[in-house]
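1. Okay, sequence plus prediction incoming.
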Amino acid sequence: MTDPAEATPPRRRTQRERREATVGKLVDATIAAISEVGYARASVQEICKRAGVSHGGLFRHFETRLDLVVTAAEEVGRRLIANFWEQVGPVAEHEAGLHDVLRAIRAASRSPLNLVWFEILVAARTDTALRTRLGPTMDSFAKDIYLTALRVPAIAAQPVETRQAAVSAALHMFDGETFVNAVHPSPHLDDKRLEIVAALYQTPAARD
């Protein structure tokens, strides 16, 4: 006798579900393409090939490549925030010292996703349309990464008047380190750089 459960045909996906699945494939393919072949070579053809979606399928959901790139950048930002807390959260829960917190932030900064973020930012430097469209995404990311950092006791304990600048300085230093390391790594300087960043948090100006 046939099991009724086996006889039940699978539920057909709704139009919305199909759309979300296709958009997800295109966004993932865009991120992967930028990561592996760079922003300039992440063409519509390259993205469609990776996503298994036709050109027409892409342009049914995004009017231009720029629209897709901006959507991908928003997703990269969300993933970077999640990765930041994945790395830093366990340290924060144990109320670790500043050096351990900074090591965790550095680990978060070294995510391959960060290089995708940099690729898009570098492209935006000379692409006015991309730079303009990325503005809200950048504003949202800066706000969210700072609020997430404040969940770390060692960071929240910093003086209010210098705290945001200190967080920004540390993140930018580790971001720059990650970007340069992709081409010319210098691991022998890692510990010394960490000491320098930690010292910024421990100066009289930061403590007062």
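-> All right, it came through fine.

2. show me the contacts for Ala32.
-> Going by CB atoms under 8 Å, 6 or more residues apart in numbering, Ala32 touches Arg50. In this view, the C-beta of every residue, glycine as well, is placed from N, C-alpha and C.

3. Renumber starting at 29 from here on
-> OK, 29 is where the count begins now, so the last one is Ala60.

4. how close does it sit to Pro140?
-> Note on Ala60: its distance to Pro140, by CB to CB, to the nearest Å, is 10 Å.

5. and if you look at Asp172?
-> According to CB to CB, Asp172 and Pro140 sit 20 Å apart.

6. Neighbour count: those two, which is higher?
-> With neighbours defined as other CB atoms under 10 Å, Asp172 and Pro140 compare such that Asp172 has more, 15 against 12.

7. Apart from its neighbours in sequence, what residue is nearest that one?
-> Closest residue to Asp172 apart from its sequence neighbours, by CB to CB, 6 or more residues apart in numbering: Ile109 at 5.1 Å.

8. Tell me which other helices or strands the helix or strand hosting that neighbour touches.
-> In the assignment (DSSP states H and E), Ile109 maps to helix 93-121. Where contact means 3 or more CB pairs under 8 Å, 6 or more residues apart in numbering; DSSP states H and E, helix 93-121 is packed against helix 43-65, helix 72-79, helix 126-137, helix 140-154, helix 156-177.

9. for it, the distance to its chain's centre please.
-> 4 Å (CA atoms, centre = their mean, to the nearest Å).

10. May I see the buried residues of that helix?
-> By 16 or more other CB atoms under 10 Å, the buried positions in helix 93-121 come out as 96-105, 107-109, 111-113, 115-116, 119-120.

11. What residues does the residue most central in space within the chain make contact with?
-> Nearest to the mean C-alpha position of the chain, by CA atoms, centre = their mean, lies Leu108 at 3.0 Å. Residues counted as contacts of Leu108 (CB under 8 Å, 6+ apart) are 136, 139, 141-142, 145, 169, 173.
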